[in-house]
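Peer 1: build me a model from this:
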Amino acid sequence: MLERIRARARELAPEIASWRHHFHAHPELSFEETETTRRVVELLRSFGYEHLRIGTAGLPTGVVADLNPDKPGRCHALRADMDALPMTEEGTCPYRSTNPKAMHACGHDAHVAMLLGAARILKEMEEDLPGRVRLLFQPSEESPHRSGARAMIAENALAGVDTISGLHVWSPLESGTLGYRTGPLMASADQWECTIEGKGGHGGLPHQAVDPVVAASLLVGALQTIVSREINPLDTAVLTVGRIEAGITFNIIPDRAEMMGTVRTFDRDVRKDIQARMRRIAEGLCETMRCKADFRYKEVLPPTVSDPGLAAKAAALAKPLFGEDNVLEIPPVMAAEDMSLYLEKIPGVFLFLGTGNAAKGLTQAHHHPHFDVDDDVLPLGVSLHCLLAWASLAGAL
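Peer 2: Next comes the predicted model:
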């Protein structure tokens, strides 16, 4: 089966690359992927897919496609995200973005193209498949507050699905390698805000005011003690102050200061603990400084945690495809993904497909204006999608 899938993926390699180039040249932002959706639907129908649900959250973006929907047995879902980032591409590739306000700087163009390649091969093999496959072409991964995964789950995209898998191209890994992890792979991503209310006054008469800027300055340092002194050193967490805003000019003490930032961790209990500690410190310190703190914390995305058993089995399945030494258990990363929301609902696995290639000049980090993907890895991703689906339906994943 591996050779059959791999050979077909290699045959389709030029088409898969051309699909990616098209999506790369025509990027669309979160929940605006209307033309991307139209092209995906057009290709799926040309492959013979009939059972399609088009649109998400009342918008014409996103596709759920079912293969063998009436066949008994298990159902495995394959997921790809479709949206681009709100940035201007600076690269010079022939298929560079035609939209000056959007760019595929995270590889979602490759994700869509690889899932389309897998859709075509699986459709050609549908009579041999021992179960059902659901394809999730998801909008809006790059806007975690408007998560496309959350919207698709709310619209029953996982109904009847037993297992799920997803791939993310990853430039820190060399092309032709696969990264996996049996525990948490990516962090949670939460947002916090704090409004500090003081009393405004003249900059030369501070004793007549209550300075929220001083309180905010002290709070920056105090919050860092949560990670350095209150969290178990064996646990991992990041607490970042990303924005402070106060005042309008040099000689006025403002009456308020606004702060906001993010918290990242791999552990759900640590995530809850940090929230409570941040509130205690913010409110207590501000009271000491004669100010009042309005602290707000929003849980945005949970950690991305693959099922340990499925991750280990997926790695074993991938070794004949990638080579024994090219399937690597990798350290977790502090970036976040809304694939995490699917993995909270059903068992699944999320994997990193290496796309860094120094010989081709493809070493830029994700979200960089020169980011691009090594087309030579696309058939590997297509083959892996197909293998994971097949293995899950056969009970081997």
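Peer 1: surely Ala293 and Cys194 touch.
Peer 2: Yes - the criterion here is CB atoms under 8 Å, and Ala293 meets it with Cys194 at 5.7 Å. The C-beta positions use only the backbone N, C-alpha and C, and glycine is treated the same way.
Peer 1: overlap in contacts, the two.
Peer 2: Counting by CB atoms under 8 Å, 6 or more residues apart in numbering, the common neighbours of Ala293 and Cys194 are Ala282.
Peer 1: off-centre distance for stretch 94-103?
Peer 2: In terms of CA atoms, centre = their mean, to the nearest Å, the centre of stretch 94-103 is set 21 Å apart from its chain centre.
Peer 1: who's in contact with that stretch?
Peer 2: Contacting residues not belonging to stretch 94-103 are listed as 21-22, 24-29, 84-89, 104, 369, 371 [CB under 8 Å, 6+ apart].
Peer 1: all helices for the stretch 251-397 of the chain, in order.
Peer 2: 268-288, 308-322, 339-345, 378-393 (DSSP state H, counting those that start in this stretch).
Peer 1: so which bits of the third one are buried?
Peer 2: Read it as helix 339-345. Going by neighbour count (16 or more other CB atoms under 10 Å), the buried part of helix 339-345 is Met339, Ser340, Leu341, Tyr342, Leu343.
Peer 1: ditto for the longest one
Peer 2: Within helix 268-288, the residues scored as buried using 16+ other CB under 10 Å are 270-271, 273-275, 277-279, 281-283, 285-286.
Peer 1: could you list the domains of the chain?
Peer 2: The chain resolves into domains spanning 2-186+303-393, 189-301 when parsed by automatic domain parsing.
Peer 1: among the ones you listed, which is the most enclosed?
Peer 2: domain 2-186+303-393 (a mean of 20; mean count of other CB atoms under 10 Å).
Peer 1: so how far is that one from its chain's centroid?
Peer 2: 11 Å.
Peer 1: pLDDT wise, what is Leu136 at?
Peer 2: What the model reports as pLDDT for Leu136 is 98.
Peer 1: in the sheet, who's paired with it?
Peer 2: According to DSSP bridges, the residues that bridge with Leu136 are Val64, Arg79.
Peer 1: so what's it up against?
Peer 2: Contacts for Leu136 (CB under 8 Å, 6+ apart) come out as Val63, Val64, Ala77, Leu78, Arg79, Ala80, Met152, Ala157.
Peer 1: now swap in Ala312 and tell me
Peer 2: Shown in contact with Ala312 (CB under 8 Å, 6+ apart): Thr182.
Peer 1: check Glu283 too.
Peer 2: Ala293, Phe295.
Peer 1: picking up where we left off before, got TSV for the buried residues of helix 339-345, with distance to Gly356 too?
Peer 2: Below are the buried residues of helix 339-345 laid out as TSV (distance: CB to CB, whole Å):
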residue	distance to Gly356
Met339	21
Ser340	24
Leu341	28
Tyr342	26
Leu343	25
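Peer 1: among the buried residues of helix 268-288, which two are most distant?
Peer 2: Farthest pair in the buried residues of helix 268-288 (CB to CB) is Val270 and Cys286. Separation: 24.2 Å.
Peer 1: tell me how far Asp190 lies from Val227.
Peer 2: 14 Å (CB to CB, to the nearest Å).
Peer 1: wait, Ala391 touches Val349, no?
Peer 2: No - judged on CB under 8 Å, Ala391 makes no contact with Val349 at a distance of 10.7 Å.
Peer 1: identify the contacts common to those two.
Peer 2: Shared contacts of Ala391 and Val349, defined by CB under 8 Å, 6+ apart, comprise Ala314.
Peer 1: from the contact counts, what lies against the lengthiest strand in the chain?
Peer 2: Counting by DSSP state E, the longest strand found in the chain is strand 163-174. If contacts are counted by 3 or more CB pairs under 8 Å, 6 or more residues apart in numbering; DSSP states H and E, strand 163-174 sits against strand 75-81, helix 108-124, helix 308-322, helix 339-345, strand 348-356, helix 378-393.
Peer 1: each with direction, which strands does it pair with?
Peer 2: In the sheet, strand 163-174 lines up against strand 75-81 (parallel), strand 348-356 (parallel) (DSSP bridges).
Peer 1: helix 308-322 and that strand, what's the angle between them?
Peer 2: Orientation check (axes from the mean of the first three to the mean of the last three CA atoms, to 10 degrees): strand 163-174 against helix 308-322 gives 50 degrees.
Peer 1: quick one: contacts for the residue nearest to the spatial centre of the chain?
Peer 2: Nearest residue to the geometric centre of the chain (CA atoms, centre = their mean): Glu337, 2.6 Å. Listed by CB under 8 Å, 6+ apart, the contact set of Glu337 reads Glu141, His168, Met186, Leu301, Thr304, Phe350.
Peer 1: one more time with 7 Å
Peer 2: Contacts for Glu337 (CB atoms under 7 Å, 6 or more residues apart in numbering) come out as Met186, Thr304, Phe350.
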